[in-house]
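*Asks:* got a predicted structure here, sequence first:
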Amino acid sequence: MIDEFKLSMRSLAGAVNIITAGSGSDAAGLTATAVCSLSMTPPRLLVGINRAGSTFTALAATDEFCVNLLDTEARGLAEIFAGRTGLAGENKFADAGWICEDDHPPRLASAMAAIRCTVHSMQIVGTHAIVVGDVQSVWNRAEARPLIYHNQCFQTLQDLA
């Protein structure tokens, strides 16, 4: 059944995001599609994060994270933060226009939007944590085409048409 479930989830297209947590040399990040708006009043969002990774460790230690919504130009970054290039730790953040402010998680200057949150609640569910975040800050930039993950590939909406 697990293989059939994985196969069915390949058909579920999702927007690609990089979730960051920690700061400085303790910054960590991962590529994720498990992100959604939860409420407008108060503004909250929900993310799903694997508990075995360094991003979950950084998030649990600081209770803060940033969701960076990627456009089609960020396919290379999505590959890096998905662990497909061999880069790890702070090397993932080299040369990509990351903004590091005070003790906050890095945010991507070229992201379609960056949303910094504090942890409102966290529910452990198997290998992952469902994290509800209270939105603290939002940065938007000019409209762009979102990067989509579908059938194990990073694609654009045009690719899916």
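*Replies:* That came through, no problem.
*Asks:* ok, S37 - contacts?
*Replies:* Counting by Cβ atoms under 8 Å, 6 or more residues apart in numbering, S37 makes contact with 44-46. To be clear about C-beta, it is placed using only N, CA and C from the backbone, and glycine gets the same treatment.
*Asks:* that one: which element?
*Replies:* strand 35-40 (DSSP states H and E).
*Asks:* give the pairing partners of that strand; include direction for each.
*Replies:* Paired with strand 35-40 in the same sheet, following DSSP bridges, are strand 43-50 (antiparallel).
*Asks:* gap between the following helix or strand past the partner strand and the chain center?
*Replies:* Sequence-wise, the next helix or strand downstream of strand 43-50 (DSSP H and E) is helix 54-62. The chain centre lies 13 Å from the centre of helix 54-62; the measure is Cα atoms, centre = their mean, to the nearest Å.
*Asks:* and stretch 32-50, by the same measure?
*Replies:* Going by Cα atoms, centre = their mean, where stretch 32-50 is centred and where its chain is centred differ by 10 Å.
*Asks:* tabulate the CA atom coordinates of it in PDB.
*Replies:* The C-alpha atoms that make up stretch 32-50 are tabulated as PDB, following Å, rounded to 0.1, in the frame of the first residue of the first chain:
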ATOM      1  CA  ALA A  32       8.600  21.600   0.700                       C
ATOM      2  CA  THR A  33       5.200  21.400  -1.000                       C
ATOM      3  CA  ALA A  34       3.400  20.700   2.300                       C
ATOM      4  CA  VAL A  35       2.500  24.400   3.000                       C
ATOM      5  CA  CYS A  36      -1.000  26.000   3.100                       C
ATOM      6  CA  SER A  37      -2.900  29.000   4.400                       C
ATOM      7  CA  LEU A  38      -4.800  28.100   7.500                       C
ATOM      8  CA  SER A  39      -6.600  31.300   8.600                       C
ATOM      9  CA  MET A  40      -6.700  35.000   7.900                       C
ATOM     10  CA  THR A  41      -7.800  36.200  11.300                       C
ATOM     11  CA  PRO A  42      -5.300  35.700  12.800                       C
ATOM     12  CA  PRO A  43      -3.000  35.100   9.900                       C
ATOM     13  CA  ARG A  44      -1.700  31.600  10.200                       C
ATOM     14  CA  LEU A  45      -0.200  29.000   7.900                       C
ATOM     15  CA  LEU A  46       0.500  25.300   8.200                       C
ATOM     16  CA  VAL A  47       3.700  23.400   7.200                       C
ATOM     17  CA  GLY A  48       4.600  19.700   7.300                       C
ATOM     18  CA  ILE A  49       8.300  19.000   8.200                       C
ATOM     19  CA  ASN A  50      10.200  15.800   8.500                       C
END
